[in-house]
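Asks: below: sequence and its predicted model.
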Amino acid sequence: QVQVAESGGGLVQAGGALRLSCAASGRTVSNKAMGWFRQAPGKEREFVASINWSGGSTYYADSVKGRFTISRDNAKNTVYLQMNSLKPEDTAVYYCAARSGSYSAGSVRAREYEYWGQGTQVTVSS
């Protein structure tokens, strides 16, 4: 069983930056693709970014491309999301997820992720 836990959320002004962390425990996620999703009030959960098991391939939603960077440190069993130039529309609960299977690429589809964290709130004020 894999447990993942997000941290690093908070309140920041527009134009600011935050770095989210996703720490895995229980079993290693070093062979799993990982993803970040977010859900704003009254909206569906949406894909933000993904990274393959090795860290060699990343993919971003158009809305965050050029501002957010996903990375991983497999030695620490941790995935990161560096968020720069934050906008009020980035306000949401951010979730980290580990994809089913091993040695796979990331995916934009939430249903392909098996293990989810509880989320961390990111609020961007204007």
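Replies: Nice, thanks for sending it over.
Asks: I figured Ile70 hits Thr78, correct?
Replies: No. Using CB atoms under 8 Å as the test, Ile70 is too far from Thr78 to be in contact (11.8 Å). C-beta: built from backbone N, CA, C; applies to glycine.
Asks: tell me which residues of stretch 115-126 come out buried.
Replies: In terms of neighbour count (16 or more other CB atoms under 10 Å), stretch 115-126 has its buried residues at 115-117, 119-120, 122, 124.
Asks: could you do stretch 67-77 as well?
Replies: Buried, per 16+ other CB under 10 Å, within stretch 67-77: 68-70, 72, 74, 77.
Asks: among those, which are in strands?
Replies: Residues of those located in strands (DSSP state E): 68-70, 72.
Asks: widest-spaced pair of the residues you listed?
Replies: Pairwise distances across those (CB to CB) peak at 14.1 Å, for the pair Phe68 and Arg72.
Asks: quick check: closest non-adjacent residue to Phe68.
Replies: Nearest residue to Phe68 in three dimensions, chain neighbours excluded: Met83, at 5.1 Å (CB to CB, 6 or more residues apart in numbering).
Asks: give me the residues contacting the helix or strand harbouring Leu20.
Replies: If you go by DSSP states H and E, Leu20 is part of strand 18-25. Strand 18-25 is contacted by residues 2-10, 12, 34, 36, 76-83, 86, 94, 96, 98, 115, 117, 120, 122 when judged by CB atoms under 8 Å, 6 or more residues apart in numbering.
Asks: can you list the strands that that strand pairs with?
Replies: Its sheet considered, strand 18-25 pairs with strand 3-7 (antiparallel), strand 78-83 (antiparallel) by DSSP bridges.
Asks: so which bits of stretch 25-36 are buried?
Replies: With burial defined by 16+ other CB under 10 Å, the residues of stretch 25-36 counted as buried are 29-30, 32-36.
Asks: on that earlier part again, what about burial for the contacts of strand 18-25, which qualify?
Replies: By 16+ other CB under 10 Å, these give 2, 4, 6, 8-9, 12, 34, 36, 77-81, 83, 86, 94, 96, 98, 115, 117, 120, 122 as buried.
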